[in-house]
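Enquirer: okay, sequence plus prediction incoming.
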Amino acid sequence: MRNFDGVTLVPLGGPGPEDVLIDPEGRVYAGLQDGRIVRVAGAGAPVETVARVPGRPLGLEFLGDGELLVCASDAGLLAVSLQTQQVRTLTDQVDGRPLMAVNNAAVADDGTIYFTDSSTRYRVPQWRADLVQRTRSGRLFRRDPDGGVTELLGGLEFANGVALARDESYVAVAETGTCRLHRVWLTGDLAGRSELFVDPLIGYPDNISLGSDGLIWIAVASPKMAQLAKVQALPAALRTVVTMVPARLQPKGDRTVGVVAVDDSGQVVHEFRGGIDGFFFLTAVRERDGRLWLGSLEGSAIGTLDTTPG
């Protein structure tokens, strides 16, 4: 296990860069709370606004040539042209029911999109309520290139990050409420079957991503909280009362965050844990050639860390 010594913060001029995405030129994209998609080339570089979307942009991926895929929470799954800034809706409902919490996605080589809807009862800003109530309503979906949408896995306690294996043999999904990852096999004799992939994790997983090293990188927003487990054990009526308490008055975890990288067998290859000055609630990690880029739901900067030997 390593600590986060050497993290550089890159201010973005707005709150909530929940996910980060790296293009072939090494530029970093993030979606902010006000709907802007911004891009920056690194520390000290100017921050560009490249698009603006409805809803709250969360997970980001590249979709074909010149387009971004944006998980825009209750606005649905969007595609955004980086040239014209035109926004088109790919999916905002399934079986006639609106999607409430589109959170994260991964895109296959053929354009198939795997994405999560975290909850059918609570929107993303009410994520604490979903964890307390244990709605188990999170879902992992597949959107085919022709627009058809299929549920691959349901009953998840706040479905979150999504990542495809390098060979696209499986798709992994983070289940925040249980501190674990599942995977659904896409090819071979096990195609269509799901199984636990990483269990348990060191804390609550958020976004996950495939690194340039072929590993699945996992952002851990905070360590496990004993207070949450106690609240979850209360009768339903009392848990409902807890959800009505303003967020500022609810128990807060410490500012310890984590990053874990696992191989295709689910074994931990890298682990970072600790505090980062000026940065907390880590919700995203991307690895590119030994460098990590970090996102935060509540901060106003992204972080970057060189993990190669000095």
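Expert: Looks like it arrived, so ask away. As the structure is a prediction and not an experimental result, all values here were calculated from the model.

Enquirer: going forward, measure contacts between C-alpha atoms and count neighbours the same way
Expert: Fine.

Enquirer: gap between L69 and L63?
Expert: 6 Å (C-alpha to C-alpha, to the nearest Å).

Enquirer: those two: who's more crowded?
Expert: L69 (26 against 20; other C-alpha atoms under 10 Å).

Enquirer: CA atoms of the host helix or strand of the more buried one as PDB?
Expert: Remark: L69 resides in strand 67-71, with elements defined by DSSP states H and E. The C-alpha coordinates for strand 67-71 follow below in PDB (Å, rounded to 0.1, in the frame of the first residue of the first chain):
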ATOM      1  CA  GLU A  67     -18.200  12.800 -29.500                       C
ATOM      2  CA  LEU A  68     -18.400  12.500 -25.800                       C
ATOM      3  CA  LEU A  69     -20.700  10.200 -24.000                       C
ATOM      4  CA  VAL A  70     -22.100  11.900 -20.900                       C
ATOM      5  CA  CYS A  71     -24.000  10.200 -18.000                       C
END
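
Enquirer: residues contacting it, please?
Expert: 57-63, 77-82, 102-105 (C-alpha atoms under 8 Å, 6 or more residues apart in numbering).

Enquirer: from the residues you listed, which land in strands?
Expert: Applying DSSP state E to the contacts of strand 67-71, the entries found in strands are L60, E61, F62, L77, L78, A79, V80, S81, V102, N103, N104, A105.

Enquirer: residue contacts, the fourth one?
Expert: The reference is to L77. L69, V70, C71, T89, L90, T91, D92, V102.

Enquirer: whichever of those end up buried, select them in ChimeraX.
Expert: In ChimeraX, a selection of the buried entries from the contacts of L77 looks like this (16 or more other C-alpha atoms under 10 Å):
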select :69,70,71,91,92,102
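
Enquirer: okay, the contacts of L77 in JSON lines with distance to G147 and pLDDT next?
Expert: Supplementary listing: those in JSON lines, determined by distance: C-alpha to C-alpha, whole Å; pLDDT from 0 to 100:
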{"residue": "L69", "distance to G147": "14", "pLDDT": "98"}
{"residue": "V70", "distance to G147": "16", "pLDDT": "98"}
{"residue": "C71", "distance to G147": "16", "pLDDT": "98"}
{"residue": "T89", "distance to G147": "11", "pLDDT": "98"}
{"residue": "L90", "distance to G147": "7", "pLDDT": "98"}
{"residue": "T91", "distance to G147": "8", "pLDDT": "98"}
{"residue": "D92", "distance to G147": "11", "pLDDT": "98"}
{"residue": "V102", "distance to G147": "16", "pLDDT": "98"}
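
Enquirer: what two of the contacts of L77 are the furthest from one another?
Expert: Farthest-apart pair in the contacts of L77 is L69 and D92; separation 13.2 Å (C-alpha to C-alpha).

Enquirer: now the residue nearest in space to the middle of the chain: closest residue in space that isn't a chain neighbour?
Expert: In the chain, the C-alpha closest to the average C-alpha coordinate belongs to N207, at a distance of 2.3 Å (C-alpha atoms, centre = their mean). Counting by C-alpha to C-alpha, 6 or more residues apart in numbering, G161 is the residue found nearest to N207 once chain neighbours are left out, at 3.8 Å.

Enquirer: what's the burial count for that neighbour?
Expert: 30.
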